[in-house]
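Engineer: Pasting the sequence and the predicted model now:
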Amino acid sequence: EPEVTQTPSHQVTQMGQEVILRCVPISNHLYFYWYRQILGQKVEFLVSFYNNEISEKSEIFDDQFSVERPDGSNFTLKIRSTKLEDSAMYFCASRLGRANYGYTFGSGTRLTVV
Amino acid sequence: AQSVTQLGSHVSVSEGALVLLRCNYSSSVPPYLFWYVQYPNQGLQLLLKYTSAATLVKGINGFEAEFKKSETSFHLTKPSAHMSDAAEYFCAVTEANAGGTSYGKLTFGQGTILTVHP
């Protein structure tokens, strides 16, 4: 069964450093998402991406965050200057088309900011 | 705006007992509803989904859920718990707009950790 692949599985970075989280969505999917889950809290929507542009973003997704789909395969989330509160599990998801097709999630990247 | 409430952050059952995980949603438009399961150190796996067809939805691993519009609920059940069902379960909602072309962000509940005792 097709999978969404996320790398790395765990990343430790120093506060103020830039990080790039990588995702390879399912190849024929059209909608792409990033979510995050701070330890002990609910999964939160960050951003959706369709047709090579951001379609929706949450209040969390401020100027420190950016997304890119540079080569039609990878889908990346960049955090420009990490803060301690960015420590979380970050999930990438993709969807083929209409919402009733369902969403496929990756296994996540655990980001630890020290 | 859409929201999801999962009643009970922890549910504990004995092996073989009924599993009932509660989910109530709020949505201003017809919803699509999902249950996901997360095993330790793993991603989110889709258990089942309601997308405006049958109100009783069957999923993987013997789970099912019933969409009740009048109660704005989508509770997850399994007749007989197995040790392997121990995990965290998330209910999620997205809006199904008339054209079915919603960008479709998912809004998640807080999660319910299911513990199964031998």
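Structural biologist: Structure's in. What do you need?
Engineer: From here on, just use CA atoms for contacts and neighbour counts.
Structural biologist: Noted.
Engineer: what's the spacing between A:Glu1 and A:Ile26?
Structural biologist: Separation of A:Glu1 from A:Ile26 (Cα to Cα, to the nearest Å): 10 Å.
Engineer: residue contacts, the most centrally placed residue in chain B?
Structural biologist: Chain B has B:Trp35 as the residue nearest its centroid, 3.0 Å off, counting by Cα atoms, centre = their mean. Counting by Cα atoms under 8 Å, 6 or more residues apart in numbering or on different chains, B:Trp35 makes contact with B:Leu46, B:Leu47, B:Leu48, B:Lys49, B:Leu76, B:Tyr89, B:Phe90, B:Cys91, B:Ala92.
Engineer: if we go to 10 Å?
Structural biologist: Neighbouring residues of B:Trp35 by Cα atoms under 10 Å, 6 or more residues apart in numbering or on different chains: B:23, B:44-50, B:59, B:63-65, B:74-76, B:89-93, B:108-109.
Engineer: Can I have the buried ones of the residues you listed as a ChimeraX selection?
Structural biologist: Of the contacts of B:Trp35, the buried ones go into a single ChimeraX selection, burial set by 16 or more other Cα atoms under 10 Å in any protein chain shown:
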select /B:23,44,45,46,47,48,49,50,63,64,65,74,75,76,89,90,91,92,93,108,109
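Engineer: so where do the strands sit in the chain?
Structural biologist: I went with chain A, as the question did not name one. Using DSSP state E, the strands of chain A run over residues A:5-7, A:10-13, A:19-24, A:31-37, A:43-50, A:53-57, A:65-68, A:75-79, A:88-95, A:103-105, A:109-113.
Engineer: um, chain B though
Structural biologist: In chain B, the strands defined using DSSP E lie at B:3-7, B:10-14, B:19-26, B:31-38, B:44-50, B:56-58, B:64-68, B:73-78, B:87-95, B:107-108, B:112-117.
Engineer: ok, now how distant is B:Gly111 from A:Pro70?
Structural biologist: B:Gly111 is 34 Å from A:Pro70, by Cα to Cα.
Engineer: Please apply the same query to B:Glu71.
Structural biologist: 45 Å.
Engineer: And for B:Asp85?
Structural biologist: Look at B:Asp85 and A:Pro70: by Cα to Cα, they are 39 Å apart.
Engineer: Between those two, tell me which one has more neighbours.
Structural biologist: Higher neighbour count among B:Asp85 and A:Pro70: B:Asp85, with 19 against 10, using other Cα atoms under 10 Å in any protein chain shown.
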